[in-house]
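Visitor: give me coordinates for this.
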Amino acid sequence: LYSKLQAADTVEAIDAATYLDELCHDLVASVNNGDTVVSLKTDIESALLPTGQAIPIGIIVNELVTNAIKFAFPPNTKGAVLVSFKREGGRLCLTVADDGKGVDPQRADSGLGGRLVEGFALQLGGQLERESGIHGTTVRLILPRPEGS
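Guide: Here you go, the predicted model:
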């Protein structure tokens, strides 16, 4: 985030498409090592995010994508992660989905990362929705309509 703000020569806001797309690609590139290969698809709408929103959204994306990469795919497999950030019905919706093995309901959100996601979602006034099964996991963060839109 800091390098993006510096390149944009502003600290007030950042373009979601530029920021989140690069963050996701960097995360996936850091784990593709030959044993497990994760492909990434992004569908991130260009929207100006105030820095106060961009920081917690970036942390949420980092946690959700990292968890998908680390836990969704057994060793020596291929998988896909989708990250979407769009305006839907006046709200902003962030979706992180994978086509992995699903989450054990007993372990869902038991770690620090899950608590961070929940805390930052609450801070943003957002609502989290989770679905998981044998065909993957989807987490959606629905943020309220931004002021003035």
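Visitor: which element is the residue lying closest to Ala72 once chain neighbours are set aside on?
Guide: Spatial nearest neighbour of Ala72, chain neighbours left out: Gly100 (2.5 Å); criterion: Cβ to Cβ, 6 or more residues apart in numbering. Every residue, glycine included, has its C-beta placed from N, CA and C. For Gly100, there is no host helix or strand (DSSP states H and E).
Visitor: just use 829 as the starting number from now, easier for me
Guide: Okay, using 829 as the starting number, the last item reads as Gly928.
Visitor: residue contacts, Gly928?
Guide: For Gly928, the contact set (Cβ atoms under 8 Å, 6 or more residues apart in numbering) comprises Ala896, Phe899, Ala900, Phe901, Gly907, Gly964, Thr965.
Visitor: out of the residues you listed, which is most surrounded?
Guide: Ala896 (29 neighbours; other Cβ atoms under 10 Å).
Visitor: hmm, who's touching the host helix or strand of that residue?
Guide: Counting by DSSP H and E, the element that carries Ala896 is helix 879-899. For helix 879-899, the external contacting residues (Cβ under 8 Å, 6+ apart) are 829, 833, 839-842, 844, 847-848, 851-852, 855-856, 859, 866, 877, 909, 911, 913, 922, 924-926, 928, 931, 941-942, 944-945, 948-949, 951-952, 965, 967, 969, 971.
Visitor: next, the buried residues of that helix.
Guide: Applying a neighbour-count criterion of 16 or more other Cβ atoms under 10 Å, the buried positions in helix 879-899 are 881-882, 884-897, 899.
Visitor: which of the contacts of helix 879-899 fall within strands?
Guide: Within the contacts of helix 879-899, residues falling in strands by DSSP state E are 841-842, 866, 877, 909, 911, 913, 922, 924-926, 965, 967, 969, 971.
Visitor: nearest to Glu959 among the residues you listed?
Guide: Proximity of the ones in strands among the contacts of helix 879-899 to Glu959 (Cβ to Cβ) peaks at Thr965, which lies at 7.0 Å.
Visitor: run through this structure and note the low-pLDDT ranges.
Guide: Low-confidence segments of the chain, defined by pLDDT under 70: 829-839, 861-862, 933-938, 973-977.
Visitor: the most centrally placed residue in it and Val911, how far apart?
Guide: Taking Cα atoms, centre = their mean as the criterion, Val889 is the residue nearest the geometric centre of the chain, at 2.5 Å. Separation of Val889 from Val911 (Cβ to Cβ, to the nearest Å): 7 Å.
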